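> Give me a 3D structure for the following:
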Amino acid sequence: TGTVAASTYAGHGQVDYRAAAVLSLTAMCFAPAGARLTMTLPCQTLRKVLGYFLIATSPMVPLKAYILASYPDGDSPMASVANNEHVQLGLLALTGTVAGLASGLLGIGGG
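Numbers count the residues shown, from 1 in each chain. Sure, this is the predicted structure:
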């Protein structure tokens, strides 16, 4: 599914390959660390971590729709910060790191 979606977006010129490389490389580097961490935590703790993760991320679905509707031209308050190339790369690396750790720790993610 992920491969088909990625190829469709790429076919329409809607893939930022540099961003994809930063995200995927950092995620791949940190997923094993999350998996190793899984081996050290008790099962009850992992259940709590997953529960907290779901509670923390579930509001993002309606929040994304609200944000997109609030700034139809893409001129959000963060737009000027996001235009800085170093900030962009740092945020992408941070996102990949968190995604990799969460993927390895909780078995979440994918396409």
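> Tell me where the longest helix sits in this protein.
helix 17-40 (DSSP state H).
> Which strands or helices does that one pack on?
Other elements packing on helix 17-40 under the criterion 3 or more C-beta pairs under 8 Å, 6 or more residues apart in numbering; DSSP states H and E are helix 85-106. C-beta: built from backbone N, CA, C; applies to glycine.
> From the contact counts, what lies against the helix it packs on?
Against helix 85-106 (3+ C-beta pairs under 8 Å, 6+ apart) you get helix 17-40, helix 43-57, helix 79-82.
> what's the second one packed up against?
In this structure, helix 43-57 packs against helix 85-106, with contacts taken as 3+ C-beta pairs under 8 Å, 6+ apart.
> Can you read off the pLDDT for the closest residue to residue 50 other than its chain neighbours?
Excluding its sequence neighbours, the residue lying closest to residue 50 (C-beta to C-beta, 6 or more residues apart in numbering) is residue 106, at 5.3 Å. pLDDT recorded at residue 106 is 91.
> same deal with the one 4 residues further on?
You'll see residue 110 listed with a pLDDT of 59.
> Then residue 63?
As predicted, residue 63 sits at a pLDDT of 91.
> The one 5 residues further on now?
Per-residue confidence at residue 68 stands at 80 (pLDDT).
> secondary structure element for it?
helix 60-70 (DSSP states H and E).
> which residues of this structure score low on pLDDT?
The model of the chain has pLDDT under 70 over residues 1, 74, 76-82, 110-111.
> mind redoing it with 90?
Scanning the chain for pLDDT under 90 picks out 1-7, 14-16, 61, 64-88, 107-111.
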